[in-house]
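Asks: missing the sequence, but the structure's below:
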């Protein structure tokens with residue numbers, strides 16, 4: 001098979017009526033996905049194959065997303081954090097994630113600029129979508145991360161220690177001490193914290 005024929009087949013595989021005889025979703029064309037994300041054609045094809053294998057009907061609901069997500073964190077309880085991540089990937093109120101939504105969010109979180117990555121993180125913590133992060137919201141997400149990883153950290157971290165650390169971080173970020181964190185406050189704090197900026201750069205590798 002020639003190179004051109006192989007590429008044509010791969011593109012056809014991405015743009016066909018997908019995945020068998022159940023409810024199906026037709027993804028955007030490959031060229032469109034290349035333009036709207038920061039992934040190469042080859043990377044999109046690789047991600048698509050994995051998505052197709054796990055989600056044969058072309059979309060993923062929250063339960064299926066959790067089942068996939070928790071496989072990567074067998075040492076803890078990742079279900080609540082998976083719920084929060086699912087909300088950031090989901091576009092609209094359908095309750096499912098299409099391949100395009102998944103790819104767009106993955107691109108923003110892993111390949112975006114520092115500001116784009118911060119915007120994704122802000123959306124993760126802003127649980128009610130009102131444009132602010134409350135202390136309760138930060139605590140909920142941070143404790144979900146703790147449930148997923150923290151109990152197996154070395155040295156071990158207990159709930160009281162984790163809660164105290166969350167309080168300290170919240171007050172540092174909440175520059176005007178009004179009990180709410182804006183995106184600007186998060187951005188200003190993060191850009192001052194060199195270690196945090198480096199960790200954002202590692203999201204590409206982690207994700």
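Replies: Now that the structure is in, tell me what you want to look at. Since the model is a prediction, treat every value here as computed from it, not as a measurement.
Asks: Can you give me the pLDDT of the residue positioned nearest the centre of the chain?
Replies: For the chain, the residue sitting closest to the mean C-alpha position, by C-alpha atoms, centre = their mean, is residue 85 at 5.2 Å. Looking at residue 85, its pLDDT stands at 93.
Asks: Likewise for the one 4 residues further on?
Replies: What the model reports as pLDDT for residue 89 is 89.
Asks: Verify the contact between it and residue 95 for me.
Replies: No. If you go by C-beta atoms under 8 Å, residue 89 and residue 95 don't touch, sitting 11.9 Å apart. To be clear about C-beta, it is placed using only N, CA and C from the backbone, and glycine gets the same treatment.
Asks: which residues of this structure fall in strands?
Replies: 59-61, 96-98, 133-134, 180-181 (DSSP state E).
Asks: residues in contact with the residue nearest to the centre of the chain?
Replies: 65, 69, 124 (C-beta atoms under 8 Å, 6 or more residues apart in numbering).
Asks: Give me the neighbour count for the second one.
Replies: By that I understand residue 69. 18 (other C-beta atoms under 10 Å).
Asks: Check whether it really touches residue 78, as I assumed.
Replies: Yes. Using C-beta under 8 Å as the test, residue 69 is close enough to residue 78 to be in contact (5.8 Å).
Asks: Report the contact partners of the closest residue to residue 40 other than its chain neighbours.
Replies: Of all residues not flanking residue 40 in the chain, residue 34 sits nearest, at 7.3 Å (C-beta to C-beta, 6 or more residues apart in numbering). Contact partners of residue 34, counting by C-beta under 8 Å, 6+ apart, are 40, 41, 44.
Asks: would a markdown table of the strands of the chain with mean neighbour count and distance to residue 48 be doable?
Replies: As requested, these are exported to a markdown table (neighbours: other C-beta atoms under 10 Å; distance: least, C-beta to C-beta, whole Å):
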| stretch | mean neighbour count | distance to residue 48 |
| --- | --- | --- |
| strand 59-61 | 19 | 13 |
| strand 96-98 | 21 | 12 |
| strand 133-134 | 22 | 33 |
| strand 180-181 | 20 | 36 |
